[in-house]
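A.B. asks: Sharing a sequence plus its predicted fold:
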Amino acid sequence: MDTRLDTQLIENDFTIGVTFRHSARAAEFRCNHLDLRVGDACVVDTERGPCLGTVNRSRIKAPGRRCHKQLRNVLRKASQRDIEVDKRNVEKEKEIYRSARQKIQEYRLRMKLSQVEVTFDERRAIIYFTSEDRVDFREMVKQLAAECNVRIEMRQVGVRDEAKQLGGHGICGVKLCCSGFLQDFAPVSIKMAKDQNLSLNPVKISGVCGRLMCCLTYEQDFYKEMQKIVPRTGKTVITPEGRGKVLVADFLRQRVTVMVEGEKGIMVFEAAQVQLAFPPQQQQQGKRRDRDNRDRDRGPRPPREEQPSRPPEAKKDLPPEQLIKELEANGDNDDNGHNGSNGEPAA
């Protein structure tokens with residue numbers, strides 16, 4: 001069936017929000033002269049061609065506002081024929097999904113099938129999958145294309161992108177941030193969890209995708225500022241009652257619990273009442289001195305062979321278990337754990 005539509009652009013300021021079956025995040029489109037309500041089905045113009053979506057925000061036009069965004073248009077309100085085409089695509093997606101899983105098991109491919117999307121014109125099927133390695137799926141694609149009579153496009157995505165597509169709820173009970181409102185993935189490191197005094201338990205700091213939770217970045221700026229005011233756990237401080245060691249650093253209340261030397265025991269002070277016993281420069285010098293002493297005790301190291309310089313490799317999106325091991329091995333200088341997508345589209 002030929003469902004090609006006219007995609008002529010019309011410039012005006014009326015816009016609506018539209019969601020799709022394969023994307024929980026809303027996108028903005030020009031609604032032109034159409035009067036669409038929340039919940040109405042409509043056909044919109046996308047980069048892949050016409051697509052059926054659902055209105056989740058009614059049309060708006062701010063007074064005196066000119067819309068300078070390069071937005072695409074709503075082509076029309078969905079008809080009964082369009083809805084039938086979409087239902088037919090849903091059934092075809094299920095059929096292709098089952099066939100693809102059988103082919104993956106038959107060829108023993110090291111890949112995980114995420115979902116299948118059939119375009120609105122019924123000519124192409126996009127198969128999303130995740131894999132740690134490169135996969136040779138050419139034979140599988142040939143058989144699927146012959147059986148389903150559509151063009152098959154394989155697209156590899158990362159585990160975070162997979163969670164973004166499939167959606168779900170986090171341990172907080174709220175819809176996943178990646179599938180709700182996040183536009184891009186921000187870098188997340190295991191050091192953020194340590195700075196926020198969180199338990200370095202992979203179960204508690206991991207999202208449904210198995211990687212570090214994106215919400216660790218939300219309060220990181222606050223904790224960075226508080227570290228300039230509140231001494232961290234383990235630091236030696238001078239209090240009104242004498243010198244002591246910080247046991248608990250409460251950044252939210254700006255208080256510290258200190259084990260005071262002598263018989264005074266454990267006491268709680270405001271952060272403004274205490275100060276570091278050693279300036280940060282002296283602490284760094286002390287750490288450097290201890291490191292030099294350890295190297296001296298180990299003896300001279302064998303000379304390293306010079307190797308040709310290589311371009312720096314991109315940091316991989318590692319599970320929290322591996323990041324915690326690297327943090328324990330490297331100390332506080334760990335900055336791994338970038339949570340961007342580690343997958344690339346495969347044609």
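C.D. replies: Alright, I've got the coordinates.
A.B. asks: What are the contacting residues of stretch 193-200?
C.D. replies: Outside stretch 193-200, the residues within contact range by Cβ atoms under 8 Å, 6 or more residues apart in numbering are 190, 204-205, 212, 216, 219-220, 223-224, 227, 233, 249, 251, 324, 327, 332. Bear in mind the C-beta positions are built from the backbone N, C-alpha and C, glycine included.
A.B. asks: Tell me the residue in this protein that is farthest from the middle.
C.D. replies: In the chain, counting by Cα atoms, centre = their mean, residue 263 sits farthest out from the average C-alpha position, at 49.7 Å.
A.B. asks: how many neighbours does residue 101 have?
C.D. replies: Using other Cβ atoms under 10 Å, residue 101 is surrounded by 12 other residues.
A.B. asks: Mind pulling up the pLDDT for the residue farthest from the centre of the chain?
C.D. replies: pLDDT, residue 263: 81.
A.B. asks: Just say helix, strand or coil for it.
C.D. replies: Assigned by DSSP: H, G, I helix; E, B strand; the rest coil, the conformation of residue 263 is coil.
A.B. asks: One more: residue 204?
C.D. replies: helix.
A.B. asks: Now do the contacts for it.
C.D. replies: Going by Cβ under 8 Å, 6+ apart, residue 204 touches residue 198.
A.B. asks: mind checking how far it is from residue 233?
C.D. replies: Separation of residue 204 from residue 233 (Cβ to Cβ, to the nearest Å): 18 Å.
A.B. asks: same deal with residue 72?
C.D. replies: On the measure of Cβ to Cβ, residue 72 and residue 233 end up 52 Å apart.
A.B. asks: Which one's more surrounded, those two?
C.D. replies: A side-by-side neighbour count of residue 72 and residue 233, using other Cβ under 10 Å, places residue 72 first with 17 against 13.
A.B. asks: ok, the more buried one - contacts?
C.D. replies: So residue 72 contacts 9, 29-30, 44-46 (Cβ under 8 Å, 6+ apart).
A.B. asks: 7 Å instead?
C.D. replies: Contact analysis of residue 72 by Cβ atoms under 7 Å, 6 or more residues apart in numbering lists 29, 44-46.
A.B. asks: cool, residue 276 as well?
C.D. replies: Applying Cβ under 7 Å, 6+ apart, we find residue 276 in contact with 231, 235, 237.
A.B. asks: Looking at the residues you listed, which is nearest residue 291?
C.D. replies: If you rank the contacts of residue 276 by distance to residue 291 using Cβ to Cβ, residue 235 comes first, at 18.7 Å.
A.B. asks: Roughly how far does that closest one sit from residue 46?
C.D. replies: 55 Å.
A.B. asks: does residue 50 really touch residue 73, like I thought?
C.D. replies: No - between residue 50 and residue 73 there is no contact under Cβ atoms under 7 Å: 10.8 Å.
A.B. asks: mind giving me the domain ranges of the chain?
C.D. replies: Listed by automatic domain parsing, the domain ranges of the chain are 15-78, 85-156, 184-286+316-347.
A.B. asks: Please identify which of those is closest to residue 166.
C.D. replies: Per Cβ to Cβ, nearest to residue 166 of the domains of the chain: domain 85-156, 6.8 Å.
A.B. asks: what's the straight distance from one end of the closest one to the other?
C.D. replies: 27 Å (Cα to Cα, to the nearest Å).
A.B. asks: likewise stretch 51-71?
C.D. replies: Per Cα to Cα, stretch 51-71 runs 15 Å from first to last residue.
A.B. asks: do the same with stretch 23-37
C.D. replies: 20 Å.
A.B. asks: neighbouring contacts of stretch 242-257?
C.D. replies: Taking Cβ under 7 Å, 6+ apart as the rule, stretch 242-257 contacts 197, 223, 226, 229-237, 258-262, 264, 266, 268-271, 274, 277.
A.B. asks: Which SSE is immediately downstream of the longest strand along the chain?
C.D. replies: When the chain is scanned for its longest strand (criterion: DSSP state E), the result is strand 49-60. Downstream of strand 49-60, the first helix or strand assigned by DSSP states H and E is strand 74-77.
A.B. asks: partners of that following strand in the sheet?
C.D. replies: Partners of strand 74-77 in the sheet, by DSSP bridges, are strand 41-46 (antiparallel).
A.B. asks: The strand it pairs with vs strand 49-60, what angle?
C.D. replies: Orientation note: strand 41-46 sits at an angle of 110 degrees relative to strand 49-60 (axes from the mean of the first three to the mean of the last three Cα atoms, to 10 degrees).
A.B. asks: so residue 186 is in which element?
C.D. replies: Using DSSP H and E, residue 186 is not contained in any helix or strand.
A.B. asks: what sits against it?
C.D. replies: 214, 217.
A.B. asks: so how far is residue 158 from it?
C.D. replies: 14 Å.
A.B. asks: Apply the buried test to the contacts of stretch 193-200 and list what passes.
C.D. replies: 190, 205, 212, 216, 220, 249, 251, 324, 327 (16 or more other Cβ atoms under 10 Å).
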